[in-house]
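Q: Starting from these lines, generate the structure:
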Amino acid sequence: MKASAGVGRSYAKALFELARERNQADAIGRELDSIVELFARDATLHAFFARPWVASSVKRSAAAEIATRLGVSTLARDFLALVAAQGRVDHLSAIVAAYRELQDEAEGRVRARVRTATPLSENERSALATRLGRALGGKRVELEEVTDKELLGGFVAEIGSLLVDASLDGQLARLRQRLVHG
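A: Got it, this is the predicted structure:
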């Protein structure tokens, strides 16, 4: 079954609200990351939860055991067990992505995927995050840096649907456009 953003968002919202009430939002976020990482690494685990003939009570017990072995909190354990029992393990990545979005929104933070020709120094990362944050109305920007050997220089930042192209490639393309169209 294909994971839908709507299902992921509704589960994430419910979990986020509970986690905030218990002052565990950050911890739950980290625990969700470890759970998703485990499921991404182990295809047999994912396949087990995808089998429709396995009873939901068995899936719930297995998920609770997995969570216990991972050493996650009771809230994360119960949540994983619920997701498994409802047959929604295939939505786990979407749930975690939606949880991160809710957490970022609540903390006034945005994530930017930045492609650069060469790795940024720590000072350059900090300066870029600060400048992007000011451009976004004072939000705190967390950079996910990717080195792209195809870029000639500069950077391309993707923040949600916003694209900031400060690459040499982009500048040359804009110059070419102006020369062609006057």
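Q: who touches the helix or strand hosting A81?
A: With elements taken from DSSP states H and E, the one containing A81 is helix 74-85. With Cβ atoms under 8 Å, 6 or more residues apart in numbering as the test, helix 74-85 has contacts from 11, 15, 18-19, 22, 24, 28, 31-32, 35, 49, 56-57, 59-64, 66-68, 72, 89, 91-92, 95. The way it works is simple: take the backbone N, C-alpha and C, and place the C-beta from them, glycine included.
Q: Next: stretch 33-47.
A: 66-67, 70, 72, 76, 80, 89-90, 92-93, 96.
Q: Let me have those in a markdown table, extended by pLDDT, distance to E107 and secondary structure.
A: Formatted as a markdown table, the contacts of stretch 33-47 follow (pLDDT from 0 to 100; distance: Cβ to Cβ, whole Å; DSSP: H, G, I helix; E, B strand; the rest coil):
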| residue | pLDDT | distance to E107 | secondary structure |
| --- | --- | --- | --- |
| I66 | 92 | 29 | helix |
| A67 | 93 | 25 | helix |
| L70 | 91 | 25 | helix |
| V72 | 93 | 21 | coil |
| A76 | 94 | 19 | helix |
| L80 | 94 | 24 | helix |
| V89 | 90 | 28 | helix |
| D90 | 89 | 28 | helix |
| L92 | 92 | 22 | helix |
| S93 | 90 | 21 | helix |
| V96 | 93 | 16 | helix |
